[in-house]
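[1] make a model of this:
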Amino acid sequence: MMKILSLHGPKFDTKRMALAAMLIALQIILEKLSIGDPAVLKIGLGFIATALIGFLLGPWIGALSMIINDLISNTLLSSGAMFFPGFTLSAAISGIIAGMFLYQQQINWRRILIYEFFQILITNVFFTTLWLYLMGIGQGSSAMSFMALLMVRLPKEVISWPIEALIVLTLLKAVERAGLKTTFD
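    Sure thing, here's the model as predicted:
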């Protein structure tokens, strides 16, 4: 019987280190395939690699992978965006959430909907909005209030929830069918 959430993960060995490196590279590429203003409202594909990281590597290697991804993306491969450590914390939390909900779990639509809900609510709605607010990001010359910034960002997050859930469900089911999950267990 599968647990509702899992805090355990695999041993960090050479095979998982190589897998983590490949998934970090995938994450970096998918994050670059985005549209919109990264300071307020960005639509991207990074959520796909986040789910794969959690599914294949668990919460702790997932958190480490997401931290490394954030540091590489926002320092070495930065496209002019400002580095902010709050986003690194969000990345770690995102990896933990993905691993808790997806690692060694039976993948079904209910689990994926709940996973995406918490992932979006905690990392995108709450933390990203908070970091943007603390950084003074907003439209025009004056920074927006937290609530105003939240109201700009919230509709995108509500709309993206079922779309991201459908994409993640389809992808993880394909990974299971292909037997890729057992390759790394």
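
[2] CA atoms for contacts and neighbours, from now on please.
    Fine.

[3] quick one: buried residues of the longest helix along the chain?
    Selection of the longest helix in the chain by residue count, based on DSSP state H, yields helix 146-178. Neighbour counts over helix 146-178 (16 or more other C-alpha atoms under 10 Å) mark 146, 149-150, 153-154, 157, 160-161, 164-165, 168-169, 172, 175 as buried.

[4] relative to the whole chain's centre, how far out is it?
    Here helix 146-178 is found 10 Å from its chain centre; the criterion is C-alpha atoms, centre = their mean, to the nearest Å.

[5] please shift the residue numbers so they start at 759 in all later answers.
    New numbering, starting at 759: the last item is helix 904-936.

[6] helices or strands up against it?
    Contact partners of helix 904-936 among helices and strands, from 3 or more C-alpha pairs under 8 Å, 6 or more residues apart in numbering; DSSP states H and E: strand 799-801, helix 804-829, helix 867-877, helix 887-892.

[7] can you pull out the low-pLDDT segments for this protein?
    759-761, 794-800, 837-839, 896-901, 941-943 (pLDDT under 70).

[8] what about 90?
    759-771, 789-803, 831-842, 862, 864, 887, 889-911, 913-915, 918, 936-943 (pLDDT under 90).
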